[in-house]
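Student: Next one to model:
(one chain, ligands or ions: 2)
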Amino acid sequence: MTIVFKSDPVRGREWAALLAEHAPELEFRMWPDIGDPAAVRYLVAWRLPSEDLGTLFPNLEVLFSVAAGVDQLDLSTVPAHLPVARMVDPNLIASMAEYVVMSVLALHRDLIAYIGSQRARRWSEMRVVPAPRRRVGIMGLGSLGLAAIERLRPFGFPLSGWSRSPKRIDGVECHAGPEGLETFLASVDILVCLIPLTPETRGILDRKAFAAMPAGAGIVNVGRGGHLVDADLVAALDSGHLGGAVIDVVSTEPPPADHPFWDHPKIILTPHVASMTQPQTAALVFLDNVRRHQRGEPLVGTVDRDRGY
Ligand code: NAP
Ligand code: GLV
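Tutor: Ligands and ions are numbered 1, 2, ... in the order given. Sure thing, here's the model as predicted:
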């Protein structure tokens, strides 16, 4: 029974060592060294091979995303009956919550403006807005959004959230669906995007969304680059309507050398590192899911192919 791993080979070697220790009966191979394709039962991938998956691996039983998101997998090449599972890893979740707290605090305490002042050798202070007057809203109340909310709670920000289906979360004002979006946006001073990229959410952070937000609001995009209309963000920052943005994901990674985010004075840009799959826990989370599958139990992180996440 073979597992094929198709992602970063350096991290793949760590997966190989962990699986050799914890599941020596499974054969672990790294793409493109796939061995006998008929023996491959599990594929763990960041991106899929370009071939039709059912033809390439006729006995494949589960496709695992090496990441929490699945939009980078072109599921049109994946047979409809094949289960797809995404990565639900406690370390990945904790790391995202940490990045969100860092970004929200950076916007809350005007860090981007202070970095600009320092570069200009300008000693100029701004009034501190108390946390109870800074409203923070999380788009996406899934495993990552909920963890971010728990880490933000102790600071005392009024918290709100937006999801597809209605939710009740203690101390969080919850909004849902397209009908709840505008009210949600109008009530947040710092917006964190943690929804999956689907046809419904592509381009959701656009001129219309920014216009609905209060003047001076900040944006944290840790979802996917496709959520954001880059030119609309730049226009909203340049006009002064938005105050700043922390951007971890862009449509083309890395962005081209002339992309405006590289040196925009109101943007902090990081290279898709908010949260990375960490082999030491992810390999074991994966193995646990393989065992579940072998026992006929439901998989953790099963993707609903119709919803797209
Ligand atoms: P998840 O557990 O599946 O949660 C997704 C949340 O988004 C759910 O609350 C869902 O609503 C909501 N949602 C989905 N479509 C929506 C829509 N059309 N309108 C409103 N809400 C919608 O996903 P997760 O594990 O939290 O991950 C979220 C995303 O984070 C991933 O898909 C990935 O793109 C991104 N990510 C980024 C990084 C990074 O390093 N930057 C790392 C990991 C993940 P319901 O609750 O109603 O279903
Ligand atoms: C990373 O972006 C992930 O989806 O895990």
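Student: tally of neighbours for the residue in the stretch 51-200 of the chain positioned nearest to ligand 1?
Tutor: The nearest approach of the stretch 51-200 of the chain to ligand 1 comes at G142, 1.7 Å away (Cβ to the nearest ligand atom). Glycine gets a C-beta too; all of them are placed from N, C-alpha and C. When neighbours are defined as other Cβ atoms under 10 Å, G142 has 17 of them.
Student: which residues of the stretch 51-200 of the chain score low on pLDDT?
Tutor: Along the stretch 51-200 of the chain, no part satisfies pLDDT under 70.
Student: tell me which parts of it are close to ligand 1?
Tutor: 68-69, 96, 140-145, 162-165, 194-198, 200 (Cβ under 6 Å from any ligand atom).
Student: ok, now which ones touch the residue of the stretch 51-200 of the chain closest to ligand 1?
Tutor: 163, 194-196 (Cβ atoms under 8 Å, 6 or more residues apart in numbering).
Student: Quick one, grab the pLDDT at the residue nearest the centre of the chain.
Tutor: In the chain, the centroid-proximal residue (Cα atoms, centre = their mean) is G223; its distance is 4.0 Å. Turning to G223, the model gives it a pLDDT of 98.
Student: so it touches I195, yeah?
Tutor: Yes: G223 lies in contact with I195 (Cβ atoms under 8 Å); the separation is 5.4 Å.
Student: Now list whatever residues contact both of the two.
Tutor: 139-140, 201.
Student: sorry, back to before: could you measure from the residue nearest to the centre of the chain over to D110?
Tutor: 24 Å (Cβ to Cβ, to the nearest Å).
Student: sorry, back to before: just the ones of the residues of the stretch 51-200 of the chain next to ligand 1 in helices?
Tutor: 96, 143-145 (DSSP state H).
Student: Can you tell me the SS state at I149?
Tutor: helix (DSSP: H, G, I helix; E, B strand; the rest coil).
Student: Show me how the protein divides into domains.
Tutor: 2-89+277-294, 92-269 (automatic domain parsing).
Student: Would you map the helices across the chain?
Tutor: Counting by DSSP H, the helices of the chain are 9-22, 53-56, 90-108, 111-119, 143-152, 177-186, 207-212, 230-238, 279-295.
Student: Quick one: residues in contact with the second one.
Tutor: Spelled out, that is helix 53-56. 37, 43, 49, 60, 63, 77-79, 82.
Student: Now tabulate the residues you listed in a markdown table and tack on distance to R134 and neighbour count.
Tutor: Shown next, in a markdown table, are the contacts of helix 53-56 (distance: Cβ to Cβ, whole Å; neighbours: other Cβ atoms under 10 Å):
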| residue | distance to R134 | neighbour count |
| --- | --- | --- |
| P37 | 54 | 14 |
| L43 | 44 | 28 |
| P49 | 46 | 17 |
| L60 | 48 | 20 |
| L63 | 41 | 23 |
| T77 | 45 | 15 |
| V78 | 43 | 19 |
| P79 | 48 | 14 |
| L82 | 45 | 16 |
